[in-house]
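[1] Need the 3D shape of this:
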Amino acid sequence: MEPAVEDLRRKFTVDDVSQMLAAGILGEDDRVELIEGELLVMSPQDPPHASVIERLSGRLFAAFTAGYRVRVQLPLAISSENLPEPDLAVVRGDEGTFDQAHPQGRDCVVVLEVSWSSRRRDLRKAEIYGRGGVPHYWRLDIEGRRLETYAEPAADGVYTAIRIYDDLAEVELPEVGGRWRVADLLPKR
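    Numbering: from 1, shown residues only. Prediction:
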């Protein structure tokens with residue numbers, strides 16, 4: 001029995017997406033990301049999500065200075081089938097380091113996703129980031145008012161050190177030290 005037409009899917013690669021961009025099939029303003037070979041539409045941002053990204057980006061720019069780049073909703077070249085655009089990523093490098101290629105997992109210090117309506121996708125990305133060698137993945141859960149941190153990815157991509165911080169807890173920043181209170185990262189009540 002043949003699959004129904006609506007069940008047929010074509011998997012894409014990072015090269016396919018680059019060619020679609022070059023041909024004008026996809027525009028730089030199209031809000032899509034390549035996850036496991038599928039182009040997924042990114043959900044629009046509501047005020048709490050946008051506000052948290054703005055708050056976090058300011059804090060990250062202040063904490064990670066020379067030798068680091070803070071990237072806001074920009075691609076990471078994780079594998080040939082995964083080109084996610086995390087809400088925030090801190091990568092090692094200077095201005096110009098990524099002029100010719102997107103950073104890879106090994107370039108990352110920490111990747112952060114702000115979860116409001118994207119919980120399932122953000123949890124799916126944890127394994128992708130782990131397989132790609134991202135050493136620290138943080139998921140800030142707006143609704144649950146908590147921060148989940150994932151570290152020490154095993155060879156299969158599963159993070160072996162997972163911690164959950166409630167909004168009263170503090171978390172230490174990877175590589176640069178310093179502590180942040182989780183409540184200060186979340187929208188005000």
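
[2] What residues of stretch 89-98 count as buried?
    89-91, 98 (16 or more other CB atoms under 10 Å). Bear in mind the C-beta positions are built from the backbone N, C-alpha and C, glycine included.

[3] of those residues, closest to Val114?
    Nearest to Val114 out of the buried residues of stretch 89-98 is Ala89 (CB to CB; 12.3 Å).

[4] Wait, a helix at that closest one?
    No. Read with DSSP: H, G, I helix; E, B strand; the rest coil, Ala89 is strand and lies in no helix.

[5] check which helix or strand covers the most centrally placed residue in the chain.
    For the chain, Pro86 is the residue whose C-alpha lies nearest the centre (CA atoms, centre = their mean; 2.5 Å). Using DSSP states H and E, Pro86 is not contained in any helix or strand.

[6] can I assume it is in contact with Leu112?
    Yes. The pair Pro86 / Leu112 is scored as a contact, 6.5 Å apart, by CB atoms under 8 Å.

[7] can you list residues touching both of the two?
    Counting by CB atoms under 8 Å, 6 or more residues apart in numbering, no residue touches both Pro86 and Leu112.

[8] Tell me where this protein has strands.
    Taking DSSP state E, the strands of the chain run over residues 32-35, 38-41, 68-72, 88-92, 108-115, 136-141, 146-153, 159-166, 170-172, 179-181.

[9] that older thread, what is the nearest of the buried residues of stretch 89-98 to Val176?
    Once CB to CB is applied, the member of these that ends up nearest Val176 is Val90, at 9.0 Å.

[10] Please list all residues in contact with that closest one.
    By CB under 8 Å, 6+ apart, the contact set of Val90 is 60, 64, 68-71, 108-111.
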